[in-house]
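Asker: Any chance you could fold what I've pasted below:
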Amino acid sequence: MRSKIFAILLSLVFFWVSSLSAQVDFRNSDRGRPILIEDAYPIEFLAFELQGGIQYERREGGNGSSFRPEFRFGGYKNLQAGGEAGYNRLWNEKSRSGISDTFVHLLYNFNQEGLEIPALSIRLDGGIPTGGLGTDNTNASAALLATKSFRELRLHSNLSYTLGPTALEGEGVELSRYFYGLGIDYTWPLKFIMVMGDVVLIKPIDNQKSELLLELGTRMQIHPKWVLDIGVGTGAFKEEGVDFTFTTGLTYIFGIRKVSLRRPYP
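Answerer: Sure, this is the predicted structure:
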């Protein structure tokens, strides 16, 4: 009888350890979850990731909120593919709501991080008009991502350029012609919470004045496969820009096979 109980307990411990080895890496800095800067690491091969969040934005001329679910897949070693869509709600003089553009992307990590050289990735995005609050034209962008780790501390740099018409006919869509950003994150010693921040300079695609954004956020692992994120942001040095943003969301990851999603420190 005791041997059976011991075997059952041993099986439960093994199951728990296995689930921990396949847990989501909360150190991922994904775009928009909760800040705009992302790291240069794709998700693991054969891993699937579902994430989504609600964002509230207050700016001169009106407020808005959005819900953007996203799906990501590690289709090949060092290669990530994904797609996302958005449902926006705007209100100033009158309230409007509807679906925004749909975006697809590929992210490829072509250089692994070393002692001196950072991890480097290229990301390609394409936007497709799909809703009443979207644009009337397709667009495409290319971004260079870099990440350098110093144990619990990591530094990030993102540069991107978007191709497409200057005029935006839709509502609720904000695209950047140029995007420059620097970010930093730090993982607490217990390895279950990460704080992060960034400074982002955006040149809107519709020839409006450039915007400087400051953001702070955190990612917290609340379950072996679930991560909660919370972030706030504000515009700087521009009266008509973003006044305040708040976002919160969840990330869930699973895979075809059990894989370790932890990245070793360099």
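Asker: list the helices and strands the helix or strand containing F48 packs on?
Answerer: Counting by DSSP states H and E, the element that carries F48 is strand 47-59. Here strand 47-59 touches strand 62-67, strand 70-76, strand 242-255, going by 3 or more Cβ pairs under 8 Å, 6 or more residues apart in numbering; DSSP states H and E. From N, CA and C alone the C-beta is placed, and that goes for glycine too.
Asker: what's next to it, contact-wise?
Answerer: 24, 30, 32-34, 43, 63-74, 82, 229, 235, 240-256, 259, 261 (Cβ atoms under 8 Å, 6 or more residues apart in numbering).
Asker: Please repeat the previous calculation with a cut-off of 7 Å.
Answerer: The list of residues contacting strand 47-59 from outside it, by Cβ atoms under 7 Å, 6 or more residues apart in numbering, reads 30, 33, 43, 63-74, 229, 241-255, 259, 261.
Asker: partner strands of that strand, parallel or antiparallel?
Answerer: Note on strand 47-59: by DSSP bridges, its sheet partners are strand 62-67 (antiparallel), strand 70-76 (antiparallel), strand 242-255 (antiparallel).
Asker: could you dump those strands to JSON lines with distance to I193 and mean pLDDT?
Answerer: Shown next, in JSON lines, are these (distance: least, Cβ to Cβ, whole Å; pLDDT from 0 to 100):
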{"stretch": "strand 62-67", "distance to I193": "25", "mean pLDDT": "87"}
{"stretch": "strand 70-76", "distance to I193": "22", "mean pLDDT": "93"}
{"stretch": "strand 242-255", "distance to I193": "14", "mean pLDDT": "91"}
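Asker: want to try TSV for those, with distance to I202 and mean neighbour count as columns?
Answerer: Formatted as TSV, these follow (distance: least, Cβ to Cβ, whole Å; neighbours: other Cβ atoms under 10 Å):
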stretch	distance to I202	mean neighbour count
strand 62-67	16	17
strand 70-76	20	18
strand 242-255	9	18
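Asker: would CSV of those strands with distance to G183 be doable?
Answerer: Output for the strands paired with strand 47-59, formatted as CSV (distance: least, Cβ to Cβ, whole Å):
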stretch, distance to G183
strand 62-67, 21
strand 70-76, 19
strand 242-255, 15
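Asker: so which of the ones you listed gets nearest K94?
Answerer: strand 62-67 (9.7 Å; Cβ to Cβ).
Asker: would you list every one of the strands in the stretch 51-200 of the chain?
Answerer: 62-67, 70-76, 79-91, 95-111, 119-128, 139-150, 153-163, 176-187, 193-204 (DSSP state E, counting those that start in this stretch).
Asker: How far does the first one sit from its chain's centre?
Answerer: On the basis of Cα atoms, centre = their mean, to the nearest Å, strand 62-67 sits 18 Å off its chain's mean C-alpha point.
Asker: Report the inter-axis angle for that strand versus strand 95-111.
Answerer: Put simply, strand 62-67 runs at 60 degrees to strand 95-111, going by axes from the mean of the first three to the mean of the last three Cα atoms, to 10 degrees.
Asker: Strand 62-67 to strand 79-91, inter-axis angle?
Answerer: Angle of strand 62-67 versus strand 79-91, following the same axes, to 10 degrees, is 140 degrees.
Asker: which residues are contacting strand 62-67?
Answerer: 52, 54-57, 86-92, 172.
Asker: circling back to that earlier point, same question for the strand holding F48, mean pLDDT?
Answerer: Across strand 47-59, pLDDT averages out at 92.
Asker: ok, now which ones touch the nearest residue to L155 once chain neighbours are set aside?
Answerer: The shortest distance from L155 to any non-neighbouring residue, by Cβ to Cβ, 6 or more residues apart in numbering, is to K148 (5.0 Å). Applying Cβ under 7 Å, 6+ apart to K148 gives the contacts 113, 118, 154-155.
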